[in-house]
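Chemist: dropping the sequence and predicted coords here.
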Amino acid sequence: MAKEAKKDPSELSVEEKLKALYQLQTMLSEIDKIKTLRGELPLEVQDLKDEVEGLGTRIENIKTDIEELKANVAAKKVEIETAKASIEKYKDQQDNVRNNREYDVLTKEIEFQSLEVELCEKRIREYTASIKTKEEEITKSEVALEERKKDLEVKKNELEEIVSETKQEEEKLRDKAKNLETAIEPRLLQAFKRIRKNSRNGLGITYVQRGACGGCFNKIPPQRQMDIRMRKKIIVCEYCGRIMIDPELAGVAPERQLDTKIK
């Protein structure tokens with residue numbers, strides 16, 4: 001038996017359009033509940049991943065700095081040995097000078113090289129202190145990294161557990177929602193999605209509850225309520241912009257209104 005051809009969305013009656021929209025809203029609300037169940041876990045997992053990556057990069061950068069400082073220490077030690085060799089050479093030359101002027105020049109050279117040794121030793125002390133500080137930073141960062149890795153593993157396991165429990169249900173709902181969207185006029189669907197995106201509770205369509213909008217709870221005039229029940233045109237709440245339907249179309253039993261008379 002051949003399948004019945006799917007009705008063109010533009011040919012649907014207003015009632016059919018409203019019913020399809022409400023069905024879509026119901027499915028999307030279920031998907032929202034699943035996302036709420038996951039809570040902030042996806043964001044927490046991503047934040048922890050970023051933190052772990054940042055700490056890893058920080059540790060590598062500090063290690064690079066330490067290697068540069070060690071290279072500087074080695075270079076300064078070479079400079080010290082060179083300066084000391086020059087001092088010994090100048091002292092030997094002082095024993096063979098021919099006049100005071102040559103002696104004074106060599107003395108100044110010895111003083112200069114001695115100052116170079118002192119300066120190099122000072123730089124070595126500074127570099128060594130920096131190396132110690134950075135090694136302490138690495139130790140702290142490595143401890144923090146291990147802690148964050150453990151936190152990340154715990155959060156990932158929590159998220160994976162929740163996702164595994166809800167994934168199949170979410171996929172079914174998404175497939176149904178996509179299939180239902182094809183039966184809704186694109187312009188109306190776009191308007192519905194825009195309203196839903198701008199509402200805090202994710203409702204793009206709602207039904208009348210006790211004479212008020214089920215989304216913002218503002219009162220709806222009696223004539224407008226009658227128009228909603230007639231299902232002849234798309235009516236939106238003048239306060240919040242949500243599309244309105246009557247409770248019966250939403251599958252909700254209409255609430256009885258109690259008439260109160262002032263005696």
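Modeler: On my side now, so go ahead.
Chemist: contacts, neighbours, all on C-alpha from now
Modeler: Fine.
Chemist: show me where pLDDT drops low in the stretch 1-150 of the chain?
Modeler: Applying pLDDT under 70 to the stretch 1-150 of the chain flags residues 1-7, 9-10.
Chemist: show me where the stretch 101-250 of the chain has strands.
Modeler: 205-209, 212-213, 235-236, 243-245 (DSSP state E, counting those that start in this stretch).
Chemist: make JSON lines out of those strands and add mean pLDDT and distance to Glu160.
Modeler: Below are the strands of the stretch 101-250 of the chain laid out as JSON lines (pLDDT from 0 to 100; distance: least, Cα to Cα, whole Å):
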{"stretch": "strand 205-209", "mean pLDDT": "89", "distance to Glu160": "32"}
{"stretch": "strand 212-213", "mean pLDDT": "91", "distance to Glu160": "38"}
{"stretch": "strand 235-236", "mean pLDDT": "90", "distance to Glu160": "40"}
{"stretch": "strand 243-245", "mean pLDDT": "91", "distance to Glu160": "36"}
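Chemist: among those, which is the most enclosed?
Modeler: strand 243-245 (a mean of 26; mean count of other Cα atoms under 10 Å).
Chemist: within the sheet, what are the partner strands of that strand, with directions?
Modeler: Paired neighbours of strand 243-245 in the sheet (DSSP bridges): strand 205-209 (parallel), strand 235-236 (antiparallel).
Chemist: quick one: contacts of the last one?
Modeler: By that I understand strand 235-236. 227-228, 242-245 (Cα atoms under 8 Å, 6 or more residues apart in numbering).
Chemist: kindly indicate which of the residues you listed lies nearest Glu88.
Modeler: Of all the contacts of strand 235-236, Glu88 sits closest to Arg242, with 93.7 Å by Cα to Cα.
Chemist: correct me, but the closest one touches Asn201?
Modeler: No. Contact criterion Cα atoms under 8 Å: Arg242 and Asn201 do not qualify, at 11.4 Å.
Chemist: the more surrounded of those two?
Modeler: Arg242 (26 against 11; other Cα atoms under 10 Å).
Chemist: against Lys84, how distant is that one?
Modeler: 87 Å (Cα to Cα, to the nearest Å).
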